[in-house]
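Asks: Kindly return the folded structure for what I paste below:
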Amino acid sequence: MKIAFPRWWLGWLLLIGLGLARGAEMPRASRIMAVGDSITEGGKTFACYRPLLAAKLRTAGLAVEFVGTRGEGELRHEGYGGKNVEFLARTVPAHFAEQPADIVLLHAGHNHFVEEKPVPGMVAATEQLIGAFRAVNPRVIVLLAQVIPAGKLPKYSYLPEFNAELARLAARLHTPAQPVVVVDQATGFDWQSDTIADLVHPNVSGAEKMAGRWLAALQPLLGRPVAVARPGS
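Replies: Here you go, the predicted structure:
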């Protein structure tokens with residue numbers, strides 16, 4: 001038996017088909033992993049850039065997914081309070097393999113003492129981290145922060161030297177296919193007005209500045225989501 005469908009019904013089916021086709025072409029959300037110490041993890045007594053950055057990205061209409069093994073809800077991360085970059089180099093690669101990202105926000109440089117003369121080891125650990133990210137996702141983009149300054153001195157007086165070495169590291173590792181982009185979180189961040197009483201962790205003003213710097217670095221990238229290499233793919 002031949003069934004005759006009304007023209008309006010056929011038009012409705014056509015619209016649905018076009019909508020599904022367009023939906024299939026829509027780029028997926030870019031996966032972002034925030035890596036660092038307590039400044040990335042956040043805490044009850046100080047502000048954190050991650051929620052502020054997420055809000056800015058939503059306002060800008062940019063689709064992202066924060067990934068990691070720590071935290072809850074939409075703001076997963078790889079931030080570890082009290083830990084240094086050497087700890088991150090030993091710990092985060094396995095988690096990145098579980099939850100690979102398109103873009104890494106790496107802000108790590110605190111939790112050493114100047115007496116340790118820590119900069120060479122910290123730079124080596126940072127390079128080790130970037131190599132581990134690339135081993136999982138050869139197209140990963142690493143946004144490498146020159147870290148915020150601290151007023152807790154002389155403990156953190158090594159940070160300017162470290163930030164200078166990070167710029168050299170990025171210049172050496174960066175390629176168009178495997179970008180390592182320096183994000184200057186240090187310039188314009190005033191530990192006298194942008195940190196809490198410990199002179200290290202950001203207050204709301206400091207976290208806002210950090211979120212703004214990350215956003216400025218991310219915006220040129222998020223218009224063209226990068227295909228991520230998944231384990232077993």
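Asks: Next secondary structure after the helix or strand of the chain with the lowest mean pLDDT?
Replies: Lowest by mean pLDDT, DSSP states H and E among the helices and strands of the chain is helix 7-25, with a mean of 39. Downstream of helix 7-25, the first helix or strand assigned by DSSP states H and E is strand 30-36.
Asks: Parallel or antiparallel, list what pairs with that following strand.
Replies: If you go by DSSP bridges, strand 30-36 pairs up with strand 64-66 (parallel), strand 78-79 (parallel), strand 103-107 (parallel).
Asks: got CSV for these, with mean neighbour count, distance to Ala145 and mean pLDDT too?
Replies: Every C-beta, even on glycine, is put in place using the N, C-alpha and C of the backbone. What follows is the strands paired with strand 30-36, written out as CSV (neighbours: other Cβ atoms under 10 Å; distance: least, Cβ to Cβ, whole Å; pLDDT from 0 to 100):
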stretch, mean neighbour count, distance to Ala145, mean pLDDT
strand 64-66, 19, 16, 96
strand 78-79, 25, 13, 98
strand 103-107, 26, 4, 98
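Asks: Export these as a markdown table, with columns for distance to Val180.
Replies: Listed next are these as a markdown table, based on distance: least, Cβ to Cβ, whole Å:
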| stretch | distance to Val180 |
| --- | --- |
| strand 64-66 | 20 |
| strand 78-79 | 18 |
| strand 103-107 | 9 |
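Asks: Out of those, flag the one nearest Glu86.
Replies: strand 103-107 (13.6 Å; Cβ to Cβ).
Asks: Mind listing what's buried along the next helix-or-strand element following that closest one?
Replies: Counting by DSSP H and E, the next helix or strand C-terminal to strand 103-107 is helix 119-136. Using 16 or more other Cβ atoms under 10 Å as the test for burial, helix 119-136 gives Val119, Met122, Val123, Ala125, Thr126, Gln128, Leu129, Ile130, Ala132, Phe133, Arg134, Val136.
Asks: Tell me who's in contact with Tyr49.
Replies: Contact partners of Tyr49, counting by Cβ atoms under 8 Å, 6 or more residues apart in numbering, are Ile39, Thr40, Pro202, Ala207, Glu208, Met210, Ala211, Trp214.
Asks: at 6 Å what do you get?
Replies: Going by Cβ atoms under 6 Å, 6 or more residues apart in numbering, Tyr49 touches Ala207, Met210, Ala211.
Asks: Kindly reformat those residues as JSON lines containing pLDDT and neighbour count.
Replies: Putting the contacts of Tyr49 into JSON lines (pLDDT from 0 to 100; neighbours: other Cβ atoms under 10 Å) gives the following:
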{"residue": "Ala207", "pLDDT": "98", "neighbour count": "23"}
{"residue": "Met210", "pLDDT": "98", "neighbour count": "28"}
{"residue": "Ala211", "pLDDT": "98", "neighbour count": "22"}
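Asks: Among the residues you listed, which are located in helices?
Replies: Using DSSP state H, the subset of the contacts of Tyr49 located in helices is Ala207, Met210, Ala211.
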